[in-house]
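Peer 1: I'd like to go over a predicted model; first the sequence, then the structure.
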Number of protein chains: 2
Amino acid sequence: MRVAVLYSGGKDSNYALYWALREGFEVKYLVSMVSERDDSYMYHVPNIGLTELQAKAAGIPLVKGFTSGEKEREVEDLKDVLEGLNVQGVVAGALASEYQKRRVDRVAGELGLKSFAPAWHRDPVDYMREIIRLFDVVVVGVSAYGLDESWLGRKIDEKALEELVKLHGKYGIHVAGEGGEYETFVRDAPFFRARVVFDEVEKRWDNCSYSGVLEVKGAHLEPKGARA
Amino acid sequence: MRVAVLYSGGKDSNYALYWALREGFEVKYLVSMVSERDDSYMYHVPNIGLTELQAKAAGIPLVKGFTSGEKEREVEDLKDVLEGLNVQGVVAGALASEYQKRRVDRVAGELGLKSFAPAWHRDPVDYMREIIRLFDVVVVGVSAYGLDESWLGRKIDEKALEELVKLHGKYGIHVAGEGGEYETFVRDAPFFRARVVFDEVEKRWDNCSYSGVLEVKGAHLEPKGARA
């Protein structure tokens, strides 16, 4: 089956991609929707060029679509982008967000595409264990009371997962960040031919809103094997 | 007609886009091919995130495809990317390069797509006059004896065109840069809803090879009307 994978560069969309490849699907495109309303849409903010590095590492063309950012338009904007792709299915990294899943399912239905959400309603801890095993994944955004600046840039490993489980008990933080508690970036994956290396990063933290981002100011791809 | 426009962000691909829109074509995607061999494929080199800013300004999804950079593979890589797009035609900014035009024509032919090259064999001076009238366009790369560092970042206006005509007489430089003498970037076009503003640039010049690039380290989009 020829599919497009909805792709933001974080753990969930990389899991969706991993699953699609494992299923033997022909992944024709990664599709990334960018909000036009994002005032901080600067050349150097996290993710703008970074998603492209990941797509290059995976060797799969990246489609960047734009949306006005109004909730009502988002579905139509995604539909416009998918409508021109010659695929039979769409794969998304939705975990537990009914809104996100319904939105993709509806667009897929209207376009006659199959819709897949391989991580849907998986046990968060079990899911995160698989993520850790598969990917080199770091936190690039935080937005929740209980998560502090030290999480920015932190690699998610077993120890980090343990802490997230504790923070779930204490503050109700979703272990897999499904409520937007944290955002991730995958630097390496089994299907990457090169890994993403951050050259220069800067933490931006706002103490009032308990939120922050890791701004990646420079990054490059390093062929695998070049460094252990 | 639903078309894809081959898009690098320079004057010729923006002219191709301008022409397609004027013809009343439905431009579904801008398609940008990136070489995997480019060792300087860093997050902050010219054009990586910049093309995305332009696509956003135009409100047209951008497809970034990757190619190994080997001449024989390039055609196949482009074909793979176009093959998954549900379009009827492809528009390219080729001016005078037989290689480039034949390559696109062949891929289009094999996929049953119409191939358009609206600037093909136009008179260079006449063409450049139209470019100047339509776009805010600057030089971001130079590679020719006779063009010096002062050209990096320079806006192409009537005066610059006059000089290029003189340099053509003196050194044989192609007025429209068709031989790779210079590379351009379009900061504004009639079909942009916002203009690209460079926040931080750095000139990199190599005196031995008479070549250089304008590295754009930061840029953002500014809605039109916000500044005269």
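Peer 2: Nice, thanks for sending it over. Residues are numbered from 1 along each chain as shown, chains lettered A, B, ... in the order given.
Peer 1: going by C-alpha atoms from here, please, whenever you check contacts or count neighbours.
Peer 2: Fine.
Peer 1: does A:Val27 touch A:Leu21 like I think?
Peer 2: Yes: the criterion here is Cα atoms under 8 Å, and A:Val27 meets it with A:Leu21 at 7.0 Å.
Peer 1: these two: who's more crowded?
Peer 2: Taking neighbours as other Cα atoms under 10 Å in any protein chain shown, A:Val27 and A:Leu21 compare with A:Val27 leading, 20 against 14.
Peer 1: where in chain A is the helix or strand with the lowest mean pLDDT?
Peer 2: The weakest-scoring helix or strand in chain A, judged by mean pLDDT, DSSP states H and E, is helix A:71-83 (a mean of 86).
Peer 1: what pairs with the next helix or strand after it, and is each one parallel or antiparallel?
Peer 2: Counting by DSSP states H and E, the next helix or strand C-terminal to helix A:71-83 is strand A:89-91. Strand partners for strand A:89-91, identified by DSSP bridges, are recorded as strand A:2-6 (parallel), strand A:114-116 (parallel).
Peer 1: the helix or strand just after the last one: how far from the chain's middle?
Peer 2: Using DSSP H and E, the helix or strand that follows strand A:114-116 towards the C-terminus is helix A:124-134. Relative to the chain's own centre, helix A:124-134 is displaced by 14 Å; criterion: Cα atoms, centre = their mean, to the nearest Å.
Peer 1: so how far is the helix or strand just after helix A:124-134 from its chain's centroid?
Peer 2: Remark: after helix A:124-134, the chain's next helix or strand is strand A:136-143, criterion DSSP H and E. Centroid separation for strand A:136-143 versus its chain: 10 Å, with Cα atoms, centre = their mean.
Peer 1: now strand A:136-143: mean pLDDT?
Peer 2: For strand A:136-143, the mean pLDDT works out to 94.
Peer 1: tell me the buried residues in it?
Peer 2: For strand A:136-143, a neighbour-count test (16 or more other Cα atoms under 10 Å in any protein chain shown) marks A:136-143 as buried.
Peer 1: and the gap between A:Lys170 and B:Leu164?
Peer 2: Going from A:Lys170 to B:Leu164 by Cα to Cα, to the nearest Å gives 68 Å.
Peer 1: for those two, indicate the residue with more neighbours.
Peer 2: Per other Cα under 10 Å, whichever of A:Lys170 and B:Leu164 has more neighbours is B:Leu164, with 23 against 10.
Peer 1: OK, contacts around the more buried one?
Peer 2: B:Leu164 is in contact with B:173-175, counting by Cα atoms under 8 Å, 6 or more residues apart in numbering or on different chains.
Peer 1: let me know the closest of the residues you listed to chain A.
Peer 2: Closest approach between those and chain A, by Cα to the nearest Cα: B:Val175, at 30.6 Å.
Peer 1: what about the closest one, which SS state?
Peer 2: The three-state assignment at B:Val175 reads coil, by DSSP: H, G, I helix; E, B strand; the rest coil.
Peer 1: and for it, the neighbour number?
Peer 2: Neighbour tally, B:Val175, other Cα under 10 Å: 23.
Peer 1: tell me the phi and psi of it?
Peer 2: With angles defined as degrees, to the nearest 10, B:Val175 sits at phi -60, psi -40.
Peer 1: residues contacting it?
Peer 2: Taking Cα under 8 Å, 6+ apart, we find B:Val175 in contact with B:124-125, B:128, B:161, B:164-165, B:168.
Peer 1: ok, A:Tyr99 - how many residues close by?
Peer 2: The tally of other residues near A:Tyr99 (other Cα under 10 Å) stands at 10.
Peer 1: that one and A:Gly179, how far apart?
Peer 2: 12 Å.
Peer 1: pLDDT weak spots in chain A?
Peer 2: By pLDDT under 70, the low-scoring segments of chain A are A:36-48, A:69, A:71, A:226-228.
Peer 1: so where do the strands sit in it?
Peer 2: Assigned strands in chain A, in chain order: A:2-6, A:26-35, A:62-67, A:89-91, A:114-116, A:136-143, A:182-188, A:194-206, A:211-223 (criterion: DSSP state E).
Peer 1: quick one: contacts of the fourth one?
Peer 2: Outside strand A:89-91, the residues within contact range by Cα under 8 Å, 6+ apart are A:1-6, A:16-17, A:20, A:108, A:113-118.
Peer 1: again, only using 6 Å
Peer 2: Residues outside strand A:89-91 that contact it (Cα atoms under 6 Å, 6 or more residues apart in numbering or on different chains): A:3-5, A:113-117.
Peer 1: mind putting those residues in JSON lines, distance to B:Pro61 and neighbour count included?
Peer 2: Output for those, formatted as JSON lines (distance: Cα to Cα, whole Å; neighbours: other Cα atoms under 10 Å in any protein chain shown):
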{"residue": "A:Val3", "distance to B:Pro61": "18", "neighbour count": "26"}
{"residue": "A:Ala4", "distance to B:Pro61": "14", "neighbour count": "28"}
{"residue": "A:Val5", "distance to B:Pro61": "15", "neighbour count": "24"}
{"residue": "A:Leu113", "distance to B:Pro61": "20", "neighbour count": "18"}
{"residue": "A:Lys114", "distance to B:Pro61": "22", "neighbour count": "16"}
{"residue": "A:Ser115", "distance to B:Pro61": "21", "neighbour count": "20"}
{"residue": "A:Phe116", "distance to B:Pro61": "23", "neighbour count": "22"}
{"residue": "A:Ala117", "distance to B:Pro61": "24", "neighbour count": "22"}
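Peer 1: contact partners of stretch A:59-71?
Peer 2: So stretch A:59-71 is contacted by A:29-37, A:74, A:77, B:61-65 (Cα under 6 Å, 6+ apart).
Peer 1: try stretch A:2-21
Peer 2: Here stretch A:2-21 has contacts from A:26-32, A:51, A:87-93, A:184-186, using Cα under 6 Å, 6+ apart.
Peer 1: pull out the buried residues from that stretch.
Peer 2: By neighbour count with 16+ other Cα under 10 Å, stretch A:2-21 contains the buried residues A:2-20.
Peer 1: and stretch A:87-94, how far out from the chain's middle?
Peer 2: On Cα atoms, centre = their mean, the centre of stretch A:87-94 falls 14 Å from the chain's centre.
Peer 1: show the end-to-end separation of that stretch, please.
Peer 2: Rule used - Cα to Cα; the end-to-end distance of stretch A:87-94 is 20 Å.
Peer 1: now stretch A:140-160
Peer 2: Distance between the two ends of stretch A:140-160: 14 Å, counting by Cα to Cα.
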